[in-house]
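> Pasting the sequence and the predicted model now:
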Amino acid sequence: MRRTFITKASWLVKGLPLLLVLGACATGTIREKVLTLPVIEGAKYSGQETCAECHDDMAGDMFPASTGGEGFAKTIHGRLANWELMGAERGCEACHGPGCLHVNNDGDTEFILRPAELPADQASAICAKCHTEGKLMDYTHSAHALSDVGCVDCHSIHDGVGKFSLKQEDPELCVSCHQEEQAKMHFPSSHPLKEGKMNCSSCHNAHGATGESLNTDERLNDLCLNCHTRYQGPFVFGHAPVEDDCTICHDPHGSVANNLLVQNEPFLCLQCHEGHFHVLRSSDYSATPTGTSAAAQAQADIVNVHGSEGFQTSFGTKCTTCHKVVHGSDYPSQPLSGHGLTR
């Protein structure tokens, strides 16, 4: 009996990794865009000098005048040294494929690769022959790749802007698609993108697959704390949402509420917290005590001059008037547990 149990247990242990992989695939946890490298059958390399004989507007001295760029020879791809190519073809044919058939057929475009007109997976496969390290290594798992947004949708290899050959500067390039985030940039409370003090890539890795393609391999909070270090803690008296996820309370792209809050106080706080005794207290007492008894005087002492809803108005408008250190504190405060975060 024991031997039978051990045999079954060993099969379970062996089959567990397979079950985990199948379960992950079924739930969409593991997703990857398969890139297909296009091939020109029977073609051989001719050399970029041959290309320049016809395409002097792209590869030769006329490049800057024809495109307004700095010239392909001065771009990051044009400046590559032979030892940096690691055996790959140099120049035009590194991306456009071997061009002998294109040349021999009087420039027939059926015999040359044109990345801008290829499907996203094929155009990106050409780029991925070289660009597979660092922040680019997870591109096939990224939201862009899975949405058929390829390299040439954002990059212009011949005359792009800056060292990354972008079609537009960041954030203008990003908001050309992400228009909801563009609108939030103009809300009363937002990060300083309009002022040019940061851009989308300050927080996002467009080629990444971690979370929301963020520039962190850790928690989302750790990305926020790179700048907002005073909230890092650890604190003796903490606040659970702060420790879990900054975006529970904050919208990093912009908000109508102050401090990037997803909702104004006290409504944001009341999503988790009940109104305490100040807010629930009734103040419909007469300001003039009848008689001189202790009970009558006690009634007069708790009169709120703002009327019958005075306590709600005074204490239910903005929680942080009293609870000033909502991100955490090392000092105890009311109630007796010390978690009031008032100092």
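Okay, I see it. Residues are numbered from 1 along each chain as shown.
> Could you measure from F164 over to P171?
As judged by Cβ to Cβ, to the nearest Å, F164 and P171 stand 14 Å apart. Every C-beta, even on glycine, is put in place using the N, C-alpha and C of the backbone.
> now E133
Relative to P171, E133 is positioned 25 Å away (Cβ to Cβ).
> okay, those two: which has more neighbours?
P171 (21 against 7; other Cβ atoms under 10 Å).
> ok, that one - contacts?
Going by Cβ atoms under 8 Å, 6 or more residues apart in numbering, P171 touches Q182, M185, L193, N199, C200.
> L220 now?
The contact partners of L220, by Cβ under 8 Å, 6+ apart, come to G211, E212, L214, D245, C246, T247.
> 7 Å - rerun?
Neighbour list for L220: G211, L214, D245, C246, T247 [criterion: Cβ atoms under 7 Å, 6 or more residues apart in numbering].
> Now the last one: closest residue in space that isn't a chain neighbour?
Spatial nearest neighbour of T247, excluding adjacent residues (Cβ to Cβ, 6 or more residues apart in numbering): L220 at 6.8 Å.
> distance of the one you found from C203?
Here the criterion is Cβ to Cβ. By it, L220 lies 10 Å from C203.
> Now do the shared contacts for the two.
Listed as contacting both L220 and C203 by Cβ under 7 Å, 6+ apart are L214.
> about what we covered before: now tabulate the contacts of L220 in JSON lines and tack on distance to C319.
Below are the contacts of L220 laid out as JSON lines (distance: Cβ to Cβ, whole Å):
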{"residue": "G211", "distance to C319": "29"}
{"residue": "L214", "distance to C319": "29"}
{"residue": "D245", "distance to C319": "20"}
{"residue": "C246", "distance to C319": "18"}
{"residue": "T247", "distance to C319": "19"}
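> Any stretches of the stretch 151-300 of the chain with poor pLDDT?
210-211, 277-278, 280-300 (pLDDT under 70).
> Secondary structure, distance to Q232 and neighbour count for the contacts of P171 - can I get that in CSV?
Below are the contacts of P171 laid out as CSV (DSSP: H, G, I helix; E, B strand; the rest coil; distance: Cβ to Cβ, whole Å; neighbours: other Cβ atoms under 10 Å):
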residue, secondary structure, distance to Q232, neighbour count
Q182, helix, 30, 17
M185, coil, 26, 17
L193, coil, 24, 22
N199, coil, 24, 17
C200, helix, 24, 20
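> Tell me which two of these sit farthest apart.
Pairwise distances across the contacts of P171 peak at 12.6 Å for Q182 and N199 (criterion: Cβ to Cβ).
> before we move on, back to that, any idea how far the residue nearest to T247 lies from P252?
In terms of Cβ to Cβ, L220 sits 9 Å off from P252.
> Could you do C319 as well?
Taking Cβ to Cβ as the measure, C319 falls 21 Å from P252.
> Could you do S147 as well?
From S147 over to P252 the distance is 21 Å, taken as Cβ to Cβ.
> ditto for Y231
According to Cβ to Cβ, Y231 and P252 sit 14 Å apart.
> what's the answer for M58, then?
Applying Cβ to Cβ to M58 and P252 gives a distance of 41 Å.
> Over to D244?
D244 is 15 Å from P252, by Cβ to Cβ.
> The two - which one has more neighbours?
Of the pair D244 and P252, P252 is the one with more neighbours under other Cβ under 10 Å, namely 17 against 12.
> surely that one meets L260?
Yes. P252 is within contact range of L260, at 6.4 Å (criterion: Cβ atoms under 7 Å).
> Pull out the buried residues from stretch 41-53.
Neighbour-count burial for stretch 41-53 flags A43, Y45, S46, Q48, T50, C51, A52 (criterion: 16 or more other Cβ atoms under 10 Å).
> nearest spatial neighbour of R219, skipping sequence neighbours?
Leaving out its chain neighbours, the residue that sits closest to R219 by Cβ to Cβ, 6+ apart is D245, at 8.0 Å.
> Going by secondary structure, F311 is in what exactly?
Secondary structure assigned from DSSP states H and E places F311 in helix 310-315.
> Mind listing what's buried along that helix?
Within helix 310-315, the residues that count as buried by 16+ other Cβ under 10 Å are G310, F311, Q312, S314, F315.
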